[in-house]
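Peer 1: here is a sequence with its predicted model. Questions after.
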Amino acid sequence: MISILSRLMLACLLLPCIWTAAHAQAVSFPELSSAVPGHQDVTYFDLAKMIVPDLQAGADGFYKGGAPIEMRDILGGNEGGSPPEAIDLPNAAVLAIKAGGKDRLTMLFDLGQAQDSSEGFAVLALYDLTGKPKLLDAVNVGTDQSTYFRDPGKLAVGVGDDAVITMSTHFNSNQGYVGTILILVRNDRFEPIDQINTFDENVCAYKRTQDLSFQTRGGEKPYAAIKVTVTDATTPSGESCEGPAPKAVSHDISVTYHWDKTRSRYVRNSDAFEKLSAENAKRF
């Protein structure tokens with residue numbers, strides 16, 4: 001008979017191999033004029049000015065400025081949008097993370113759209129606040145009209161390392177388009193892991209949604225495996241509509257990302273999300 005102590009030891013040995021679901025993290029939207037906790041002489045406005053150097057508080061409660069500093073697009077190339085000539089910023093999203101075992105602060109600034117662009121420009125910034133505030137990295141993560149941290153905001157991929165999740169989206173009367181980017185923070189730089197495109201629609205006869213969930217598995221070094229699952233569900237509305245209503249159906253599409261030491265990056269175990277994106281494009 002196995003003793004209680006032996007069972008406890010066995011559980012501890014197995015724990016790193018269990019997939020762990022990601023839980024919601026503390027994304028906040030503080031007033032830019034407020035002080036950063038633990039740094040009473042530093043405000044979020046001070047940090048924002050490292051991104052938009054001429055940023056000023058406006059009389060309407062918004063912060064206004066010109067072009068942001070030069071930065072790369074997180075996905076590489078010139079796929080991202082351009083920043084607007086004039087910035088009207090209400091606030092920024094803030095998320096504390098761990099990177100390389102160190103405390104870091106990320107801020108997400110949705111700067112809006114350039115006049116001739118269908119995509120927004122959103123800056124993901126990484127700060128070191130251990131001494132004098134320092135901007136370590138900044139990238140454009142905007143791939144659609146509006147950009148946010150996507151719940152759960154971050155994933156623990158190591159004892160002292162988090163991955164960050166952003167999403168860009170736009171909606172029309174009955175369709176929703178979402179591009180989710182999974183981002184690793186390594187050597188105080190943002191590195192893309194993958195982009196996952198999903199598509200929701202809500203018409204007379206049915207509602208079809210594609211929701212994402214994230215899990216990590218410990219025990220892999222230096223970074224945990226990440227499993228991303230899209231749950232594609234169709235629900236009939238029960239309304240009288242033209243044409244037959246589809247049956248209720250739901251299925252999961254999963255891709256797992258493992259750290260490849262040779263390539264020094266995460267690699268995926270299938271092209272399932274690329275196929276899903278192509279299938280969705282046919283429904284636009």
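Peer 2: Yes, it's here.
Peer 1: and for the closest residue to residue 90 other than its chain neighbours, the neighbour number?
Peer 2: In space, and not counting its chain neighbours, residue 90 is closest to residue 62: 5.4 Å by C-beta to C-beta, 6 or more residues apart in numbering. Placement of C-beta: from N, CA and C, glycine included. Residues contacting residue 62 under the criterion other C-beta atoms under 10 Å number 13.
Peer 1: next up, the contacts around residue 62.
Peer 2: 88, 89, 90 (C-beta atoms under 8 Å, 6 or more residues apart in numbering).
Peer 1: low-confidence stretches in the stretch 1-150 of the chain?
Peer 2: 1-18, 23-25, 78-80 (pLDDT under 70).
Peer 1: which parts of it are helices?
Peer 2: Counting by DSSP state H, counting those that start in this stretch, the segments of the stretch 1-150 of the chain that form helices are 4-14, 44-48.
Peer 1: return the set of buried residues in the shortest one.
Peer 2: Put plainly, it is helix 44-48. 44, 45, 47, 48 (16 or more other C-beta atoms under 10 Å).
Peer 1: check which helices and strands it is in contact with.
Peer 2: strand 102-113 (3 or more C-beta pairs under 8 Å, 6 or more residues apart in numbering; DSSP states H and E).
Peer 1: next, the buried residues of the strand it packs on.
Peer 2: Applying 16+ other C-beta under 10 Å to strand 102-113 flags 104, 105, 106, 107, 108, 109, 110, 111, 112, 113 as buried.
Peer 1: between these, which is nearest residue 132?
Peer 2: residue 105 (13.7 Å; C-beta to C-beta).
Peer 1: quick check: that closest one touching residue 99?
Peer 2: No: judged on C-beta atoms under 8 Å, residue 105 makes no contact with residue 99 at a distance of 10.2 Å.
Peer 1: shared neighbours, those two?
Peer 2: Joint contacts of residue 105 and residue 99 (C-beta under 8 Å, 6+ apart) are residue 126.
Peer 1: do I have it right that residue 102 meets residue 127?
Peer 2: No: the pair residue 102 and residue 127 does not pass the contact test of C-beta under 8 Å, sitting 11.3 Å apart.
Peer 1: what ranges do the strands span in the stretch 1-150 of the chain?
Peer 2: 19-21, 35-36, 39-43, 56-57, 63-65, 72-73, 87-89, 93-99, 102-113, 120-128, 134-140, 146-158 (DSSP state E, counting those that start in this stretch).
Peer 1: excluding chain neighbours, what is closest to residue 216?
Peer 2: Leaving aside its sequence neighbours, residue 216 is closest to residue 224 (4.4 Å, by C-beta to C-beta, 6+ apart).
Peer 1: oops, could you answer that again for residue 213 instead?
Peer 2: residue 229 (4.9 Å).
Peer 1: ok but residue 277 is inside a helix, no?
Peer 2: Yes: counting by DSSP: H, G, I helix; E, B strand; the rest coil, residue 277 is part of a helix.
Peer 1: quick one: contacts for it?
Peer 2: Going by C-beta under 8 Å, 6+ apart, the list of residues near residue 277 reads residue 197.
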